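> Just need the structure, nothing else, for what follows:
(one chain, ligands or ions: 1)
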Amino acid sequence: MANVAVVGTQWGDEGKGKLVDLYTEGADVIARFQGGNNAGHTLVVKGRKTILHLIPSGILHDNKICIIGNGVVVDPVVLIQEIEELQKGGLFPPHTKLYVSEKAHLIMPYHKRLDMAREASSKGKKIGTTGRGIGPAYEDKAARIGIRVCDLYNESLLRERLQRSLNEKNFLLTGLYSEQPLSADEIAAEYLAYARKIKPYVADTSLILDNAMRAGKKILFEGAQGAHLDIDHGTYPYVTSSNTVAGNAACGSGIGPNVINNIIGICKAYTTRVGEGPFLTELNDEIGDYIQQAGQEFGATTGRKRRCGWLDMVLVRQAVRTSGITALAITKLDVLTGLDKVKICVGYEAADAEFTHAVPADIDLFGQCRPVYEEFPGWKESIPEIRKLEELPANARRYLQRLEELAGVPLNLVSVGPGREETIILSDPFCD
Ligand code: IMP
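Residues are numbered from 1 along each chain as shown. Presented below is the predicted three-dimensional model:
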C-alpha cells in the first residue's frame, strides 16, 4: 500500500482536478500542501461542472478526510464560500470530514490589495498573478509577520499582529500606491466572524495525517500549480510564491518525506501557460487557436485565455527530476485529435547555438532559446470512447511512446476526455 503525491509537470492547469478526483477513489485522506485559491480545479462529475479553488477535489467523495495543510495560504472568505456552496448543492458528502491546519497562514484583505496594486503599477513587468493575495501572504509568512489560523482564536494577539502589520501595509498602500488605508478594527471584526464559522474545521492536521497513516490509511497529496511555477525551480520571477514540487508535500502537510511512495506527474499532451513569462513552444497561429478552443483553455480562477503551444519535454523532464516523479499521467490527448501534424520539443538551441536539455536559470537566456522539434503525423479518429492503450489510433500511440521515452518514466494513465470515465488506466498509483 502506498501514499501518493500528484503534481503538475508544466505551468499548472494540467488537468490535476480530474486526476485527483479519480485517484481519490483509492485514497482515504486527500491533503493539499501549498498554494491557495490561485488554483482552480474544474471537475466534471455526472455531467455537472464544479470548480474548487481551495478545498481538495476529494471533497466530492463520501467517507474521506480532506485536509488543507499548513503550507496552504487560506482566504477564509473563499473557504466559507466553498463550504456553503458545496452544502447548498448537496455535494458535501455526509461522512466526509474537512480539516484546516491551525498553522496555515491567512490571506488578509491587505494581501489582495497589495497583490493587485503591485501588478497594476508594474508597467511592462507584470507577473500576471491571479490577484488573490498569494504572494504577499507568503511574504508575510517568511517575514514572520503573518497571521495564522490559530491566531484567530487569540483575540488580543490577533489585534496586536494586525495593527503591527497594518502600520507597514498602510504605509505602502497610501504612500506607494495611492490607495485608501485599511482599518485594523474593521478587519479584526470581519475575521473574528470568519473564525466562528471555520472553527469546526480547524485542527492539528499533521497529527491527523500521522494517525491516519498509523491506521494504514492511504494518503493522496494534491499539488496545485505546476513544476515551472515553483518559487525555486520554476521560471523565476514568473512563478507563484510556493514550492510546487513534490518535496513540499511533506513540509506543507507536516509529515516526513519517506512516507510518500509514488509521485505522479500530470502532463497535458500539449503545453499551456497563463500569466506572463517566456513560453518557447507557444503557437501564436491557427493551431494555437485550435488547441485553445478544442481544449477550452480558459483559466478556472481568472477566466483568462490560456496561451497554448506544443508539448515541451524539456520542461517535463526537468519536472521529473525536481519532483522525483515515478510515473506520468497524460491529460487531454483528445484535444490534439484532428491536427495533421503534432510536434514535441525535445531540446533547446540556446542563443550561442549550443543544444541543451535543461531550462536555463537566467530568464533572458531562456527567452532567447529556440525549441528543437520532432514532428509526428496526427490522427483524426475520435478517442474519448477508448479505454485501452492498444485501441488508440497508431499515430496517437506513437506520440505517447515518444513522450514516455523522453520522460524516462512510465505512463500510468491517459485521459481522453473530460469525464471521469473517459480515461485509459494503466496502473494503480496506490500499489507499491
Ligand atoms: P499567483 O500565484 O497568483 O501569485 O500568480 C503567479 C503566477 O502563477 C501567474 O503567472 C499565475 O497565472 C500563475 N498561477 C497561479 N496559480 C495558477 C494555477 O493554478 N494554474 C496556472 N497558473 C497559475
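> OK, contacts around I264?
4-7, 19, 23, 325-329, 412, 429 (C-beta atoms under 8 Å, 6 or more residues apart in numbering). All C-beta atoms are positioned from the backbone trio N, CA, C, and that covers glycine.
> Which members of these occur in strands, if any?
Counted as lying in strands by DSSP state E, out of the contacts of I264, are V4, A5, V6, V7, A327, L328, A329, N412.
> what about the second one, how many neighbours?
One way to gauge burial is a neighbour count; for A5, by other C-beta atoms under 10 Å, it gives 30.
> what about the closest residue to C150 other than its chain neighbours, neighbour count?
Nearest non-adjacent residue to C150, counting by C-beta to C-beta, 6 or more residues apart in numbering: E102, 4.0 Å away. Per other C-beta under 10 Å, the neighbour tally for E102 reads 17.
> residues contacting E102?
Neighbours of E102 in contact, by C-beta under 8 Å, 6+ apart: R148, V149, C150, V202, A203, D204, T205.
> Next one: the second one from R161, what distance?
To tie it back to what came earlier, the one meant is V149. 13 Å (C-beta to C-beta, to the nearest Å).
> With neighbour numbers in mind, choose between those two.
Between V149 and R161, V149 has the larger neighbour count (other C-beta under 10 Å), namely 26 against 20.
> wait, what's in contact with that one?
V74, V100, S101, E102, K103, A104, H105, L106, I198, V202.
> Give me the buried entries from those.
Those of those that meet the buried threshold are V74, V100, S101, E102, K103, A104, H105, L106, I198, V202, by 16 or more other C-beta atoms under 10 Å.
> per-residue pLDDT, the last one?
Translated: V202. At V202, the pLDDT value in this model is 98.
> just the first one next, same as before
Reported pLDDT at V74 in the predicted model: 98.
> Give me the below-cutoff pLDDT ranges for this structure.
Along the chain, segments meeting pLDDT under 70 span 1, 43-48, 432.
> quick one, longest helix in it?
helix 155-171 (DSSP state H).
> Would you tell me what the next helix or strand after it is?
Note on helix 155-171: by DSSP states H and E, the next helix or strand toward the C-terminus is helix 184-198.
> one step back: switch the ones in strands among the contacts of I264 over to TSV; also include distance to the ligand.
Output for the ones in strands among the contacts of I264, formatted as TSV (distance: C-beta to the nearest ligand atom, whole Å):
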residue	distance to the ligand
V4	20
A5	17
V6	14
V7	12
A327	22
L328	18
A329	17
N412	22
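> Nearest to G58, out of the residues you listed: which one, please.
Among those, V6 lies closest to G58 (C-beta to C-beta), at 10.9 Å.
> does that closest one have beta-bridge partners, and which?
On DSSP bridges, the residues paired with V6 through beta bridges are E222, I264.
> Strands - which of the contacts of V149 land there?
Going by DSSP E, the strands hold V74, V100, S101, H105, L106, V202 from these.
> And for the first one, nearest residue in space, chain neighbours not counted?
Spelled out, it's V74. A104 (4.9 Å).
> got the domain boundaries for this protein?
Following automatic domain parsing, one gets these domains for the chain: 4-101+202-263, 105-197, 267-425.
> Check these for me and report the most buried one.
Scoring those by mean neighbour count under mean count of other C-beta atoms under 10 Å gives domain 4-101+202-263 as the most buried, with a mean of 21.
> can you tell me how far the residue lying closest to S323 once chain neighbours are set aside sits from A27?
Nearest residue to S323 in three dimensions, chain neighbours excluded: A246, at 4.0 Å (C-beta to C-beta, 6+ apart). Separation of A246 from A27 (C-beta to C-beta): 16 Å.
> Near the ligand, which residues of the stretch 151-300 of the chain are found?
A224, Q225, L229, Y238, T240, S241, V274, G275 (C-beta under 6 Å from any ligand atom).
> Ends of stretch 320-337, what's the gap?
This stretch, stretch 320-337, spans 26 Å end to end (C-alpha to C-alpha, to the nearest Å).
> Figure out how far it is from the centre of its chain.
Computed by C-alpha atoms, centre = their mean, to the nearest Å, the chain-centroid distance of stretch 320-337 equals 14 Å.
> same question, stretch 26-42
8 Å.
> same deal with stretch 200-215?
With C-alpha atoms, centre = their mean, you get 23 Å for stretch 200-215.
> List of residues touching stretch 203-212?
28-29, 31, 65, 67-70, 99-102, 219, 253-255.
> wait, what's in contact with the spatially most central residue of the chain?
When C-alpha atoms, centre = their mean is applied to the chain, the residue found nearest the centroid is A224 (2.0 Å). A224 makes contacts with G8, G12, K16, R32, Q34, G35, N38, A39, T244, as judged by C-beta under 8 Å, 6+ apart.
> what kind of secondary structure is it in?
Under DSSP: H, G, I helix; E, B strand; the rest coil, the three-state class of A224 is coil.
> separation between it and E14?
Counting by C-beta to C-beta - A224 and E14 are separated by 11 Å.
> which residues are in contact with both of the two?
Common neighbours of A224 and E14 (C-beta under 8 Å, 6+ apart) are G8.
> Quick check: closest non-adjacent residue to C431.
Per C-beta to C-beta, 6+ apart, closest to C431 is A2, 6.6 Å.
> Identify the residues contacting that neighbour.
Contacts of A2 by C-beta under 8 Å, 6+ apart are K218, N261, N262, P429, F430, C431, D432.
> was I right about the second one contacting V4?
Yes. The pair formed by N261 and V4 meets the contact definition of C-beta atoms under 8 Å, at 7.1 Å.
> got any residues that touch both of the two?
Counting by C-beta under 8 Å, 6+ apart, nothing touches both N261 and V4.
> how about the closest residue to the ligand within the stretch 1-150 of the chain, what does it touch?
At 2.7 Å from the ligand, G12 is the closest residue in the stretch 1-150 of the chain, using C-beta to the nearest ligand atom. Each residue near G12 by C-beta under 8 Å, 6+ apart is listed here: A39, A224, Q225, G226, L229, V274.
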